[in-house]
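Novice: Pasting a predicted model and its sequence here:
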Amino acid sequence: MLDQIMLYVRENTMVTAMAAGVSILFLLLLVLLQVTRTRREVHKICKRIRKYFDVVFTEEEPIAEPVKEAAQEVQIPVYKTQEELQKEQEEQKKAEDARLLMEVISEVF
């Protein structure tokens, strides 16, 4: 029976070529779908990373601060200097940046 199949394939090269062509087109379609899917995922990840860097690199202070933070600022002891206050604010900003980075990383992975 294998001899008959081989004989049929040898005599009908057009059918063999068409089968090979269809299988190659199918494989190319699968590759195209996978590349498109991967591209979309990478695009989503890039958007999240851009959002994170936009938040990190903006030098502007928030327009409306929450009431709790305003209450904390009122309770600042008098003996703290302006430099100490700036250091605390920088530390808070770094902590917020780290929290945002962790959120982006957890969303990505």
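Specialist: On my side now, so go ahead.

Novice: So, low pLDDT: which residues of this protein?
Specialist: The model of the chain has pLDDT under 70 over residues 59-80, 109.

Novice: need the strands for it, in chain order.
Specialist: For the chain, strands defined by DSSP state E do not occur.

Novice: All the helices of it, in order from the start?
Specialist: Taking DSSP state H, the helices of the chain run over residues 2-11, 13-57, 67-74, 82-108.

Novice: can you redo these as a markdown table with mean neighbour count?
Specialist: Every C-beta, even on glycine, is put in place using the N, C-alpha and C of the backbone. Formatted as a markdown table, these follow (neighbours: other C-beta atoms under 10 Å):
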| stretch | mean neighbour count |
| --- | --- |
| helix 2-11 | 9 |
| helix 13-57 | 11 |
| helix 67-74 | 9 |
| helix 82-108 | 12 |
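
Novice: Grab the nearest non-local neighbour of the one residue sitting closest to the centre of the chain.
Specialist: In the chain, the residue lying closest to the centroid (C-alpha atoms, centre = their mean) is residue 45, at 1.3 Å. Of all residues not flanking residue 45 in the chain, residue 108 sits nearest, at 5.3 Å (C-beta to C-beta, 6 or more residues apart in numbering).
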